[in-house]
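1. Okay, sequence plus prediction incoming.
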Amino acid sequence: MRDAVQVLVIGGGPAGSTTATLLAREGFAVTLLERDHFPRYHIGESLLPSCLPILDLMGAREKIEAHGFQKKGGAYFEWGPEKWDLRFNELDDTTYSWQVIRSEFDHLLLEHAKSQGVEVHEGVAVREVVFEEGRAVRALWENTDRGDSGVIGFDYLVDASGRAGVLATKHLGSRRVHDVFKNIGVWGYWKGTQPLEPGPDGAIAVCSVPQGWLWGIPLHDGTMSIGVVTSKRHFREEQAKHPDLAAIYHKKIAESPLIAGLVDGAELVSDVKAETDYSYVTENFAGPGYLLAGDAACFLDPLLSTGVHLATYSGLLAAATVSSILRDGVDEENALSFYGTAYRKSYERLLVLVSVFYQSYRGRDEHFFEAQRLTTREKQGLKLHEAFLNIVTGIEDLADAKEEAYQAVARTLAGPEAASSNPLANHNASMEQLPDAPGRALEGLYLETEPKLTLRRAADARVEA
Ligand SMILES: Cc1cc2nc3c(=O)[nH]c(=O)nc-3n(C[C@H](O)[C@H](O)[C@H](O)COP(=O)(O)OP(=O)(O)OC[C@H]3O[C@@H](n4cnc5c(N)ncnc54)[C@H](O)[C@@H]3O)c2cc1C
């Protein structure tokens, strides 16, 4: 382990690997410390098409393509009385994504980071970050195999430690759990499931049940990931009746004719897993000497499969931000402010969409879905883009708001336009607000990927033009 490095990344999940790879490809010295040894288990298997252009920028697309993950053509929803498909190729026939076994996907990305020059240490956890006069300057690490420890200095720290959130939970104390999405996810893996008949090829099945919703995700090893999301309150009530987690899981599956049909004759081949505390956000996504990427900064209910998208997207933004400061003389405060604004905007936009989606439910028992409504306080806390403010406020009095919400979700997930030669075109379409041109600048800066990854001042671009 070196004593000091230009950029230190904590965590080797999608956010950490993306940031580290992109920075190493720009010529920076990057060390990544990962607590576990890969391949390691992780939930979050259903990806969005927005990961494709980022994998292109990382030079990792071919490796992922070659691995043989299940291609995902979109999603099939049974939501209350409604049934419909979301087809990624509807507007652009090159758009698709994958359903991935995360241990394999994350491992491929971490190995790719090594191949691009990132110094990766597995089995090494960051225990503490040292601040001097408010600036993050060093990290204390511990090798969890050998028990030895040490210190590494850095110019920039990217905390991509996921839900563990080293900086947010240990140092900044600024993680806030949202009032909405106080849910719990319970899931397992099945062998011998029936194929999903409706929906595009390799689709994720999402279907509501009276007190929540279930997912079904086909994986390339022939298993299917099947999970249920319900409120913590309802889960506790169920626990009083069925202390066994697996019993609650099976009961919920039986409530959905679609998912019960998929597992008819199939065998549960894993233990039943659970995760809670569904949605949180950190007050500041960046500060002197540090940035928070992926789940380390914020986390969103998995209804629209947005986690890996947010992780890789923030990884791209973080890499551009750090390189603009270290190499291109962009003012640190300005660049960090761009990062925080851009990432928060994407997160909040999806937060609103997920909430709108939940609100659009018209079923027999609306209690669970009503509880996912953004509170007035939540809405006031968001710095929303005007269009989304309209969705949030409109939903409360528009009879046909459901249709509007579905369309907004479809536009976000599939993208409204055909891809062009620009590798960010799909991403641009699916985010709609990617700050990648002077006209879409945030804090006076915009993202540039060619000829180098950086942030550019919109004013300079206008002068050059
Ligand atoms: C029930 C459920 C279902 C989900 N379904 C989906 C889905 O279908 N699609 C989707 O896109 N997302 C889904 N998600 C979300 C997705 O799992 C995450 O958003 C995504 O993994 C975030 O990536 P990340 O790189 O930020 O963090 P992670 O992937 O969690 O990686 C963080 C890494 O940091 C390491 N680490 C932690 N602490 C330290 C430390 N102190 N020192 C060094 N290393 C450390 C960890 O070992 C880990 O490898 C789901 C989440 C849940 C809970």
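-> Now that the structure is in, tell me what you want to look at. Numbering: from 1, shown residues only.

2. Give me the distance from the helix or strand encompassing V354 to the chain's centre.
-> If you go by DSSP states H and E, V354 is part of helix 332-359. The chain centroid and the centroid of helix 332-359 are separated by 12 Å, computed with C-alpha atoms, centre = their mean, to the nearest Å.

3. Please identify the buried residues of that helix?
-> 332, 334-359 (16 or more other C-beta atoms under 10 Å). (C-beta placed from N, C-alpha, C; glycine too.)

4. Quick one: find the helix or strand in the protein with the lowest mean pLDDT.
-> helix 425-431 (a mean of 37; mean pLDDT, DSSP states H and E).

5. What's the separation between the residue lying closest to G363 once chain neighbours are set aside and the ligand?
-> Nearest residue to G363, sequence neighbours excluded (C-beta to C-beta, 6 or more residues apart in numbering): G80, at 4.1 Å. As judged by C-beta to the nearest ligand atom, to the nearest Å, G80 and the ligand stand 21 Å apart.

6. Tell me the confidence at G80?
-> Turning to G80, the model gives it a pLDDT of 85.

7. so what's G444 up against?
-> G444 is in contact with N334, F338, R457, A458, A459, counting by C-beta atoms under 8 Å, 6 or more residues apart in numbering.

8. so which of these are also by the ligand?
-> Among these, no residue is within reach of the ligand (C-beta under 6 Å from any ligand atom).

9. what's the span of stretch 113-126, first residue to last?
-> 19 Å (C-alpha to C-alpha, to the nearest Å).

10. Could you pull up phi and psi at I184?
-> Dihedral pair for I184: phi -130, psi 140, per degrees, to the nearest 10.

11. Is it bridged to anything, and to what?
-> T230, T276 (DSSP bridges).

12. In this structure it contacts A274, no?
-> Yes - distance between I184 and A274: 6.1 Å, which falls inside the contact criterion (C-beta atoms under 8 Å).

13. Look at these two and report which has more neighbours.
-> I184 (21 against 16; other C-beta atoms under 10 Å).

14. what's the spacing between the more buried one and R146?
-> Using C-beta to C-beta, to the nearest Å, I184 is found at 36 Å from R146.

15. what's around the residue nearest to G363, how many residues?
-> If you count neighbours by other C-beta under 10 Å, G80 ends up with 16.

16. what does L219 give?
-> L219: 21 surrounding residues under other C-beta under 10 Å.

17. quick one, phi psi at it?
-> phi -110, psi 160.

18. Also S208?
-> Taking degrees, to the nearest 10 as the convention, S208 sits at phi -80, psi 150.

19. The closest residue in space to it that isn't next to it in sequence - how many residues pack around it?
-> Nearest residue to S208, sequence neighbours excluded (C-beta to C-beta, 6+ apart): W79, at 5.1 Å. Neighbourhood size, W79 [other C-beta under 10 Å]: 20.

20. can you check the one 5 residues further on too?
-> The tally of other residues near W84 (other C-beta under 10 Å) stands at 14.

21. With adjacent residues omitted, what lies nearest to it?
-> W84's closest residue in space is F77 (C-beta to C-beta, 6+ apart), at 5.6 Å.

22. how far away is the one you found from G44?
-> Taken as C-beta to C-beta, the span from F77 to G44 is 19 Å.

23. Enumerate every residue touching the most centrally placed residue in the chain.
-> Geometric centre of the chain, nearest residue: G307, 1.9 Å, by C-alpha atoms, centre = their mean. Taking C-beta under 8 Å, 6+ apart as the criterion, G307 is in contact with G44, G294, D295, F299, L300.

24. now G439
-> Neighbouring residues of G439 by C-beta under 8 Å, 6+ apart: A458.

25. try G315
-> P14, A15, G16, S17, T18, T19, L22, I54, A160, A293, G294.

26. secondary structure element for G227?
-> Under the criterion DSSP H and E, the helix or strand holding G227 is strand 223-231.

27. Determine the set of other helices and strands touching whichever helix or strand comes after that strand.
-> For strand 223-231, the following helix or strand on the C-terminal side (DSSP H and E) is helix 232-241. Helices and strands touching helix 232-241, by 3 or more C-beta pairs under 8 Å, 6 or more residues apart in numbering; DSSP states H and E, are strand 183-191, helix 245-255.
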